[in-house]
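A.B. asks: Mind looking at a prediction? Sequence and model below.
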Amino acid sequence: MSTTADMPSVHNPANSIIQYFKYDHLPEHLQAVSKAIGDVALEMNRVIPEGPEKSAGLRKLLEAKDCFVRANLG
């Protein structure tokens, strides 16, 4: 399983987005939600070649993660 420590270093635009999928700073009940999306983001970052569509997809995953985490706050 991937962990926050597995986040790649920041060398390109996609990797700079990946840093925002970290979840270990969140309370435990929010970590599960964030981790699920973060794992998808890490896998897509690994298998998809660099390009504007990959960056757009990762940005949309980040938006979804933020929405799901906020939805789980209450």
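C.D. replies: Good, I have the coordinates.

A.B. asks: need the helix or strand of the chain with the lowest average pLDDT.
C.D. replies: helix 13-18 (a mean of 76; mean pLDDT, DSSP states H and E).

A.B. asks: what residue ranges in the protein score low on pLDDT?
C.D. replies: Across the chain, the ranges flagged by pLDDT under 70 are 1-15.

A.B. asks: Run a quick neighbour tally on residue 65.
C.D. replies: Other residues lying near residue 65 total 21 when counted by other CB atoms under 10 Å. (Glycine included, C-beta is placed from N, CA and C.)

A.B. asks: how far is stretch 30-48 from where the chain is centred?
C.D. replies: Centroid separation between stretch 30-48 and its chain, computed with CA atoms, centre = their mean, to the nearest Å, is 5 Å.

A.B. asks: To clarify, my last question referred to stretch 21-39.
C.D. replies: For stretch 21-39, the distance to the chain centre is 9 Å (CA atoms, centre = their mean).

A.B. asks: could you pull out the helices for this protein?
C.D. replies: 13-18, 28-47, 52-71 (DSSP state H).

A.B. asks: Point out the most buried one among the ones you listed.
C.D. replies: Most buried of the helices of the chain, by mean neighbour count (mean count of other CB atoms under 10 Å): helix 13-18, with a mean of 18.

A.B. asks: surely residue 26 meets residue 68?
C.D. replies: No. Judged on CB atoms under 8 Å, residue 26 makes no contact with residue 68 at a distance of 11.7 Å.

A.B. asks: and for the two, which residues touch both?
C.D. replies: residue 34 (CB atoms under 8 Å, 6 or more residues apart in numbering).
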